[in-house]
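[1] what follows is a predicted structure for the sequence shown.
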Amino acid sequence: MTRRSHALLAAALAATLTLGLGACKNDKSDSGADAAPSNTKGPGAESGSIIGGTPAKGGTLTVLTNQDFAHLDPARNWTVPHMDFGTRLLYRTLTTFKSEPGAAGSEIVPDLATDLGKSSDGGKTWTFTLKDGLKYEDGSPILAADIKYNVERSFSPDLTGGPDYAIQYLAGGEKYKGPLTGEHLASIETPDAKTIVFHLKRPVAEFSDTVTLPTFSPVPQSQEKGTQYDSRPFSSGPYKIETYDRGKQLVLVRNTSWDQSTDTVRKAYPDRIVVTEGIKGGQADDRIIASEGADANAINMPWMQHESVAKVLPKADVKARMAAERTGCTDMLYLNTAKAPFDDPKAREAMMWAVDREAQVTAFGGPAMADVATSFLPPSLTGGVTSDPLKIPPAGDPEKAKAMLKDAGKTDLKVGLTVSLNDKTRAEAIQQSLARAGVQVTVNTVDPSAFTDTLGDTANAPELTINGWCPDYPSAATFLPFQFDGRTIKEKGNQGNFSQFRDQATMDEMDRIAAMPDVNEANKAWQQLDGDLMKKAPAVPLMWQRRPLMVGTNVAGAFGSSGYAGMIDLAVVGVKDPAKGKG
């Protein structure tokens, strides 16, 4: 799950989750990690609490945002907060995250399926049965063939940007190019209207978790509109699109064919959800802090500007309306290893020492809002402990970095750093810290809505970019391969491996770990690989964020979801008084 200014799971995850998958035990002898829990307390409502109590049925929830949706097509939607917006409001998946605050929000429960799936053939075959009474917005039934069709769509070269799990896991998918040409994938079977069977290349113990992703939601072939499906997904969830004026406003209204009795997760409290786009800077934060008129019913998306936090902390009543859950994701400075100067491992190693990570935390709002990252894997995937294999000072060592660059023959470097407009302050902090090591950085900013596509063009990718990654579910298998497996790189629509890192030894080790039948042993191996990758330095880990989120005075049911990178869980948020905040 990319952070996209981007992708990020909150709170340390329980040691045992569905199918025994989860973070390793807090055991330094096993993991090689420092036995120091990452547990600095964040501001705002206490972790695991619900802001505003239980919502009432009805009213209008307002979402204020500075950006349009990158994608709403479920085959293409893989960004926080757009992925959770889609899967909580517009479409359902075979399984999903439980809608509860705290660590319970990472638990997987059935959604369209009756259970978490049944595996056979040693974990290479998975069978799901759909619930009774599932319908689309027009009242037509949701069929297993519709889920098959959307999974097939995720292979289409024209429908870029979405999760790659189907492409990686499904047998026979290596050369498949999607259903738009009339071809279908034999490794997905639908023997009847309510049964779907997936045949995988290898055993995947956590496939119940994999099918939480929007790839595994239904799209009827009759609704296919290619790239235009982005603007009007056909609803299987509690809401449908009434109007969508790109870059300005999206209005959702109730899907009257959605049946609450089939859905244990979504409560669909509001009658309408109005997303107002194009709000610049901290204006959304200021409006929600003031909570006048319709803004009393507002939440922000994707999250508060970190500069706004200082306005909130001194006011107890306002602070109580702020959620600040851990994201469980890692922000990084990606080094483009496909071209000079970062095709040279020595130059990359120097960057590890040149970057001032403390300055990144300061630029984001200080220690209450983020921790310095000392590894690629976040503590949520290392048993809650902080791994620090390289022991680099948090502020870096610019003199050592300068000497390393001199030894590598890389003096007087001039490189470009491209970031989302939201990350300009952090980019300037990178610029300043690298200048101390003798590296001249030119900062280029891109509108958040175009940032994904800009980075996805590998031929024109910049030397440096700030981005990040979140595990899609609590397994390092959803983290390191998507970041550093060279086989995931795409010419267009590249996701995750923004470093364009291709290293055969790394890929061989990933394949070895993926084939391990013992999850605990695999977890240990992933952590060892994390340390090895730190030495190869395809990126510089920067920080582990909290997600600061503000809600209006009339908002209820708000909490940061550990399943969706600390974002407010849209499945259960609503308003206290439906008569208020309509103006």
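    Alright, I've got the coordinates.
[2] CA atoms for contacts and neighbours, from now on please.
    Fine.
[3] work out for me the element Ala310 sits within.
    Here Ala310, judged by DSSP states H and E, is contained in helix 309-312.
[4] ditto for Asp138
    Of the helices and strands defined by DSSP H and E, none includes Asp138.
[5] so it touches Ser257, yeah?
    Yes: the pair Asp138 / Ser257 is scored as a contact, 6.9 Å apart, by Cα atoms under 8 Å.
[6] please identify which of these two sits among more neighbours.
    Comparing Asp138 with Ser257 by other Cα atoms under 10 Å, the one with more neighbours is Ser257, at 20 against 13.
[7] residues in contact with Gly161?
    Listed by Cα atoms under 8 Å, 6 or more residues apart in numbering, the contact partners of Gly161 are 75-78, 493-495.
[8] if we go to 6 Å?
    Contacts for Gly161 were tallied using Cα atoms under 6 Å, 6 or more residues apart in numbering; they are 76, 493.
[9] and the nearest residue to Arg88 once chain neighbours are set aside, how close does it get to Phe85?
    Excluding its sequence neighbours, the residue lying closest to Arg88 (Cα to Cα, 6 or more residues apart in numbering) is Ala571, at 5.1 Å. Separation of Ala571 from Phe85 (Cα to Cα, to the nearest Å) stands at 9 Å.
[10] centre of the chain to stretch 142-160, how far?
    On the basis of Cα atoms, centre = their mean, to the nearest Å, stretch 142-160 sits 21 Å off its chain's mean C-alpha point.
[11] stretch 141-156 now?
    22 Å.
[12] next one: stretch 118-133
    26 Å.
[13] give the rounded mean pLDDT of it.
    Averaging pLDDT along stretch 118-133 gives 96.
[14] got the CA coordinates for it in CSV?
    This file holds the C-alpha atoms of stretch 118-133, laid out as CSV (Å, rounded to 0.1, in the frame of the first residue of the first chain):
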residue,chain,number,x,y,z
LYS,A,118,-10.9,-22.6,2.6
SER,A,119,-7.4,-23.6,1.4
SER,A,120,-6.4,-26.9,-0.2
ASP,A,121,-3.5,-28.3,-2.2
GLY,A,122,-1.1,-27.2,0.6
GLY,A,123,-2.3,-23.6,0.5
LYS,A,124,-2.1,-23.2,-3.3
THR,A,125,-5.9,-23.4,-3.9
TRP,A,126,-8.4,-21.1,-2.1
THR,A,127,-12.1,-21.3,-2.3
PHE,A,128,-14.6,-18.6,-1.2
THR,A,129,-18.4,-18.8,-1.1
LEU,A,130,-20.5,-15.6,-1.4
LYS,A,131,-23.2,-14.7,1.0
ASP,A,132,-26.9,-14.7,0.1
GLY,A,133,-28.6,-11.4,-0.8
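[15] buried residues in it?
    Buried positions in stretch 118-133, judged by neighbour count with 16 or more other Cα atoms under 10 Å: 119, 123-131.
[16] in TSV: the residues you listed, plus secondary structure.
    Putting the buried residues of stretch 118-133 into TSV (DSSP: H, G, I helix; E, B strand; the rest coil) gives the following:
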residue	secondary structure
Ser119	strand
Gly123	helix
Lys124	coil
Thr125	strand
Trp126	strand
Thr127	strand
Phe128	strand
Thr129	strand
Leu130	strand
Lys131	coil
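[17] so where is the chain shaky, pLDDT-wise?
    Residues of the chain that meet the criterion pLDDT under 70 lie in 1-41, 281, 582-583.
[18] the closest residue to Tyr165 other than its chain neighbours: how many residues sit nearby?
    By the measure of Cα to Cα, 6+ apart, the closest residue to Tyr165 outside its immediate chain neighbours is Thr210, 7.3 Å from it. Neighbour count of Thr210, defined by other Cα under 10 Å: 23.
[19] same question, the one 5 residues further on
    One way to gauge burial is a neighbour count; for Thr215, by other Cα under 10 Å, it gives 30.
[20] you'd agree it is up against Val151?
    Yes: using Cα atoms under 6 Å, Thr215 is in contact with Val151, at 5.4 Å.
[21] shared neighbours of these two, anything?
    By Cα under 6 Å, 6+ apart, Thr215 and Val151 have no common neighbours.
[22] what's Glu509 sitting at in phi/psi?
    Here is the backbone geometry of Glu509 (degrees, to the nearest 10): phi -70, psi -40.
[23] from Asp532, how far out is it?
    Distance, Glu509 to Asp532, by Cα to Cα: 11 Å.
[24] what does Leu413 give?
    Distance from Leu413 to Asp532, counting by Cα to Cα: 26 Å.
[25] then Ala515?
    19 Å.
[26] and for Ala505?
    Applying Cα to Cα to Ala505 and Asp532 gives a distance of 10 Å.
[27] also Asp121?
    From Asp121 over to Asp532 the distance is 33 Å, taken as Cα to Cα.
[28] tell me where the stretch 351-500 of the chain has helices.
    Along the stretch 351-500 of the chain, counting by DSSP state H, counting those that start in this stretch, helices occupy 357-364, 398-407, 424-435, 448-456, 480-484.
[29] quick one: contacts for Gly486?
    Contacts of Gly486 by Cα under 6 Å, 6+ apart are 501-502.
[30] again, only this time at 7 Å
    500-503 (Cα atoms under 7 Å, 6 or more residues apart in numbering).
[31] counting neighbours, what do you get for the residue lying closest to Gly102 once chain neighbours are set aside?
    Spatially, and ignoring its direct neighbours in sequence, Gly102 is nearest to Gly48 (4.2 Å; Cα to Cα, 6+ apart). The local packing of Gly48 (other Cα under 10 Å) involves 19 other residues.
[32] likewise Pro214?
    Pro214, neighbours per other Cα under 10 Å, totals 29.
[33] and for Asn77?
    Residues within reach of Asn77, counting by other Cα under 10 Å, total 28.
[34] how about the helices in the stretch 51-200 of the chain?
    Going by DSSP H, counting those that start in this stretch, the stretch 51-200 of the chain shows helices at 82-85, 144-153, 165-169.
[35] which residues are in contact with the longest one?
    Just to be clear, that refers to helix 144-153. 75, 166, 178-179, 185, 188, 190, 193-196, 215-221.
[36] what about 8 Å?
    74-75, 130, 159, 166, 178-180, 184-185, 188-190, 192-196, 215-221.
[37] so which of those residues belong to strands?
    In strands, judged by DSSP state E, the following of the contacts of helix 144-153 are found: 188-190, 192, 195-196.
[38] which among the contacts of Gly486 gets closest to Thr262?
    Nearest to Thr262 among the contacts of Gly486 is Gln500, at 42.9 Å by Cα to Cα.
[39] how many other residues sit next to the closest one?
    27.
[40] residues contacting it?
    Going by Cα under 8 Å, 6+ apart, the list of residues near Gln500 reads 336-338, 458, 484, 486, 489.
[41] same thing but 7 Å
    So Gln500 contacts 336-338, 486, 489 (Cα under 7 Å, 6+ apart).
[42] for this structure, what's the longest strand?
    The single longest strand within the chain, with elements called by DSSP E, is strand 539-550.
[43] quick check: closest non-adjacent residue to Ala401.
    Closest to Ala401 by Cα to Cα, 6+ apart is Ala350, at 4.6 Å.
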